[in-house]
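# got a predicted structure here, sequence first:
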Amino acid sequence: MRAVIVAGVRTPFARAGTVFKDLSAIDLGEMAVRELMDRSGVPGEAVDQLVFGTVVHDPHAPNIAREVGLATLPKSVPATTVSRACATANQAIADAANLIEVGHAEVVVAGGAESLSHIPILVSDRLSETLVQAAKAKSVGDRVKTIARVRPKDLLPKQPQIAEPTTGETMGESAERMAKENGIGRAEQDAWALRSHRKAAEGTEDGRLTAEIARVYVPPRFEQVVERDNGIRTDTSAEKLAGLKPVFDRRYGTVTAGNASPLTDGASAVLLMSEDRARSDGLPILGRIRSYAVAALDPGDQLLQGPVLAAPVALDRAGVTMADIGLMEMHEAFAAQVLSNLQWLDSDRIARERLGRSAKVGHPDVERINVMGGSIALGHPFGATGGRITMTLLNEMARRDVELGLLTVCAAGGLGFAMVLERI
Ligand SMILES: CC(C)(COP(=O)(O)OP(=O)(O)OC[C@H]1O[C@@H](n2cnc3c(N)ncnc32)[C@H](O)[C@@H]1OP(=O)(O)O)[C@@H](O)C(=O)NCCC(=O)NCCS
């Protein structure tokens, strides 16, 4: 049974701490799923499963999928939460396709949400242990004695970091290392970032991006209306970007706030169906999932090169080569990562040494990559980005009458995701 995508939508993506700062990932996820059901016209009763993800989990609601489903779909719809770092929504979509292809479901909602305005702050181990012991104390006196053992330094929260647990390296430091090892300079990175903003601004102004976005009336007062992504800097320039200080290696670095994706809040949702069901229900088939692949490399290696490993496998599984790909969407964690991925894809040496292939995988002309910008300008709510990329690719494939599109996403842990989408 072939899985097809019939609809998809996302909230606007907003820089963390701005318009969505009082909303949780669950709130954002609900908005995306509700709008998806409204736009598609498919009744909630028709949905067999919900697969939804997030990366930074809320300890009070670890199964975000169930919470989102309870608020948006009939309570009888089973829900499962998935997490594959920045490729989380891609994994949700792949899982949904798998459910359909093995015949376990005909109609599945997939997607993801992230609120980086709300991240759980952890306390020190000593404070945590003391609080647990105090809760078990038999008398008020014992409880006070236990709590009195806490020292001021125990009260300091653990600083949240986007770092690899195995190496301790932050994503930004990994991007710096990739830039250095691959000889990618500051000017090249800034040029990619500028391109991302310019193309995102064009896609917003001409309505292609806003067509994929659900208007949000921000609760609780519902007075503020958000209709577009707020990270796109229409006023940025090569000079302004060149003036920003490196963040992760302040002395010799090249990665800045300008050529990195910003911390972002947002959600996305995609409706998948078996092809037969979509046809019998008369729904528009936007595209079919022709293949996908995941790959991984050692996080101590070039952390964000996973897409280079995953893309050729997805292409092989689809029975095509890069030359058949008419449009490509790449997640932009950092300009240094995008340019490193493109460099490796275009290298015969990397193909031989890393991929066990005789010749390079290649990539489409850059004019056919991220034609409406990417995560640097649009933002990157970790759990939601995969839904954005999937829908942007499919919608633009229709506009340009492209048959095959490729998307890639790099992710923490050295993971890479690639998917080939086909218009039928
Ligand atoms: C890089 C990072 C640390 C920057 O955070 P930040 O300092 O809060 O970023 P800001 O948006 O405040 O930008 C810092 C400054 O650069 C300026 N700036 C950022 N982008 C700019 C651009 N394109 N043009 C001009 N100025 C820009 C901002 O205006 C701001 O200036 P100000 O200090 O005068 O207000 C943060 O975005 C980050 O951690 N990103 C990476 C996230 C990550 O690792 N994701 C995982 C990848 S998958």
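Thanks, I have it.

# would you point out which residue of the stretch 1-150 of the chain is nearest the ligand?
residue 86 (4.4 Å; CB to the nearest ligand atom). Where you see a C-beta, it was placed from the backbone N, CA and C, and this is true even at glycine.

# that residue contacts residue 409, correct?
Yes: under the criterion of CB atoms under 8 Å, residue 86 makes contact with residue 409 at 5.7 Å.

# can you pull the contacts of the residue of the stretch 1-150 of the chain closest to the ligand?
55, 331, 333, 380, 382, 385-386, 409-412 (CB atoms under 8 Å, 6 or more residues apart in numbering).

# from the residues you listed, which ones fall inside helices?
385-386 (DSSP state H).

# which ones among the contacts of residue 86 map onto strands?
Secondary structure assignment by DSSP state E places 409-411 of the contacts of residue 86 in strands.

# ok, so of those, who is nearest residue 66?
Of all the ones in strands among the contacts of residue 86, the one sitting nearest residue 66 is residue 411; the distance, using CB to CB, is 23.5 Å.

# what about the closest one, neighbour count?
Neighbourhood size, residue 411 [other CB atoms under 10 Å]: 30.

# beta partners of it?
Beta-bridge pairing for residue 411 (DSSP bridges): residue 415.

# which SSE is the residue located most distally from the centre of the chain in?
Among the C-alpha atoms of the chain, the one most distant from their mean position (CA atoms, centre = their mean) is that of residue 141, at 49.6 Å. Secondary structure assigned from DSSP states H and E places residue 141 in helix 140-148.

# just the buried positions in the next helix or strand after that helix, please.
Scanning the chain past helix 140-148 towards its C-terminal end, the next helix or strand to appear is helix 171-182 (assignment: DSSP H and E). Judged by neighbour count (16 or more other CB atoms under 10 Å), helix 171-182 contains these buried residues: 171-179, 182.

# next secondary structure after helix 171-182?
Next in sequence after helix 171-182, counting helices and strands by DSSP H and E, comes helix 186-205.

# and residue 353, what's its pLDDT?
Residue 353 is assigned 97 on the pLDDT scale.

# tally of neighbours for residue 185?
Using other CB under 10 Å, residue 185 has 13 neighbouring residues.

# let me fix that, I meant to ask about residue 8.
Other residues within reach of residue 8, judged by other CB under 10 Å, total 26.

# strands of this structure, start to end?
Ranges of strands in the chain, per DSSP E, are 3-10, 14-15, 49-53, 79-82, 107-115, 216-217, 225-226, 264-274, 287-296, 327-330, 404-411, 415-422.

# which of the ones you listed sits closest to residue 66?
Shortest distance between residue 66 and these, using CB to CB, is found for strand 79-82: 4.3 Å.

# could I get the CA-only coordinates of the closest one as PDB?
Listed next in PDB are the C-alpha coordinates belonging to strand 79-82 (Å, rounded to 0.1, in the frame of the first residue of the first chain):
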ATOM      1  CA  ALA A  79      -0.800   8.500  19.600                       C
ATOM      2  CA  THR A  80       2.900   7.900  19.800                       C
ATOM      3  CA  THR A  81       5.700  10.400  20.400                       C
ATOM      4  CA  VAL A  82       8.900  10.100  18.400                       C
END
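
# how far off centre is it?
For strand 79-82, the distance between its averaged C-alpha position and the chain's averaged C-alpha position is 16 Å (CA atoms, centre = their mean, to the nearest Å).

# near the ligand, which residues of the stretch 1-150 of the chain are found?
Taking CB under 6 Å from any ligand atom, the part of the stretch 1-150 of the chain that reaches the ligand is made up of residue 86.

# go again using 8 Å as the cut-off
If contact is defined as CB under 8 Å from any ligand atom, the residues of the stretch 1-150 of the chain in contact with the ligand are 15, 85-86.

# next: the stretch 301-424 of the chain.
Within the stretch 301-424 of the chain, the positions lying close to the ligand (CB under 8 Å from any ligand atom) are 304, 331, 333-334, 337, 375-377, 380, 382, 410-412.

# tell me the one of these nearest the ligand?
Where these are concerned, and distances follow CB to the nearest ligand atom, the ligand has its nearest neighbour in residue 333, at 3.4 Å.

# how deep is that closest one tucked in, by neighbour count?
Counted with other CB under 10 Å, residues neighbouring residue 333 total 29.

# quick one: it and residue 174 touch, right?
No: contact criterion CB under 8 Å: residue 333 and residue 174 do not qualify, at 9.2 Å.

# hey, what's in contact with both of those two?
Taking CB under 8 Å, 6+ apart as the criterion, residue 333 and residue 174 both touch residue 304.

# pick the one among the ones in strands among the contacts of residue 86 closest to residue 267.
Top of the list for closeness to residue 267, among the ones in strands among the contacts of residue 86 and by CB to CB, is residue 409 at 16.5 Å.

# could you list every residue that touches that closest one?
Contacts were defined as CB under 8 Å, 6+ apart; by that measure residue 409 touches 86-87, 90, 307, 330-331, 385-386, 389, 416-418.

# now pLDDT too, for these, in TSV please.
Supplementary listing: the contacts of residue 409 in TSV, determined by pLDDT from 0 to 100:
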residue	pLDDT
86	97
87	98
90	98
307	98
330	98
331	98
385	98
386	98
389	98
416	98
417	98
418	98
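
# out of those, which is most surrounded?
Tallying neighbours with other CB under 10 Å puts residue 87 at the head of these, with 37 neighbours.
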